[in-house]
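**Q** with the input below, show me the fold.
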Amino acid sequence: MPDYFSYFCGVMSFAIQISPNQSLYIRDPQATATGREILRNAIPLMQELGFEKFTFRKLSRRMGASEITIYRYFENKHKLLLYLLSWYWEWVKYSIIYNCHNIRDSKKKLEIAIQTVIESNRRNALVDYIDEELLYALVIEESEKAYHTKCVDQENKEGFFLTLKSLKTEIADILLEVNPGYAFSNSLASTILEMSASLRFYARHLPSMSDVKDLADIDQQLFNYIRQVTFAALNC
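**A** Residues are numbered from 1 along each chain as shown. Predicted coordinates:
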């Protein structure tokens, strides 16, 4: 299985701008050194403590800054979590677009898209204030807390999940290239995203819930399974 994701990370330039929904922040954290420090420190701290125990006060102590500094960028920790998840979702979408560029074979394109979703935890040195490996761990463990809430309908109306839906659409369009008559492209695209995260979580924490035999080879095993399920659903 060629390493498309590492190739993408090796040649991607800053021409690609990861831009989560502006309603998630007060001031763009990527635009200033202080904002980038917030992102650099928030990801490992939130992943370490869990979303419930994470606070802006603890983040400010880790940064050696005042708590009010963080509030100049984010209204609350819920929007910070949504921002980080949105960054990840858009990063994966751009990775798929890049890796599938000029690929004519629709089935090959789908394989590359699946692999890219699975391997999106690879570090990218070009964005040094985002640790993609820790961010992916955060996605696996905390993402449901971002949208399994009483406010999800209102937040959806405000566009908080546009990047997730855009990533889903990118995958769904590839599914339809493989089988234009397939009636469940949106559901299957969402399933691919969910499976890649949930099965990795099960393999690490509830191993009897998955068939992963060796964590050292988890990417390949997840690829084999998700590819099989996807192509079977498409009747390929």
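**Q** from here on, just use CA atoms for contacts and neighbour counts.
**A** Noted.
**Q** what about the chain, any weak spots by pLDDT?
**A** In the predicted model, the chain carries pLDDT under 70 at residues 1-17, 123, 125.
**Q** list the buried ones in the strand or helix carrying Ile112?
**A** Using DSSP states H and E, Ile112 falls within helix 106-118. Across helix 106-118, burial judged by 16 or more other CA atoms under 10 Å covers Ser106, Lys107, Lys109, Leu110, Glu111, Ile112, Ala113, Ile114, Gln115, Thr116, Val117, Ile118.
**Q** got a list of what the first one touches?
**A** Residues near Ser106 by CA atoms under 8 Å, 6 or more residues apart in numbering: Ile174, Glu177, Val178.
**Q** and it, how far from Ala197?
**A** 24 Å (CA to CA, to the nearest Å).
**Q** which helix runs longest in this protein?
**A** helix 77-99 (DSSP state H).
**Q** which residues does that helix contact?
**A** By CA under 8 Å, 6+ apart, helix 77-99 touches 4-5, 8, 16, 18-21, 24-25, 39, 43, 54-56, 74, 112-113, 116-117, 120, 132, 135-136, 139, 143, 146, 160-161, 163-164, 166-167, 170.
**Q** out of those residues, which are buried?
**A** Buried by 16+ other CA under 10 Å: 4-5, 8, 18, 20-21, 24-25, 39, 43, 54-56, 74, 112-113, 116-117, 120, 132, 135-136, 139, 143, 146, 160-161, 163-164, 167, 170, out of these.
**Q** filter the residues you listed down to the ones in helices?
**A** 4-5, 8, 39, 43, 56, 112-113, 116-117, 132, 135-136, 139, 146, 163-164, 167, 170.
**Q** identify each buried residue in the longest helix of the chain, please.
**A** Neighbour-count burial for helix 77-99 flags 77, 79-99 (criterion: 16+ other CA under 10 Å).
**Q** same question for stretch 25-45.
**A** In stretch 25-45, counting by 16+ other CA under 10 Å, buried: 25, 27-30, 34-36, 38-45.
**Q** what's the closest of these to Asp214?
**A** Pro44 (25.5 Å; CA to CA).
**Q** distance of the closest one relative to Glu132?
**A** Taking CA to CA, one finds Pro44 at 10 Å from Glu132.
**Q** also Leu162?
**A** 20 Å.
**Q** kindly report the same for Ile103.
**A** For Ile103, the distance to Glu132 - CA to CA - is 26 Å.
**Q** surely Ile38 and Ile70 touch.
**A** Yes. Using CA atoms under 8 Å, Ile38 is in contact with Ile70, at 7.1 Å.
**Q** what's the neighbour count on Leu126?
**A** For Leu126, the neighbour count with other CA atoms under 10 Å is 13.
**Q** in terms of helix, strand or coil, where does it fall?
**A** coil (DSSP: H, G, I helix; E, B strand; the rest coil).
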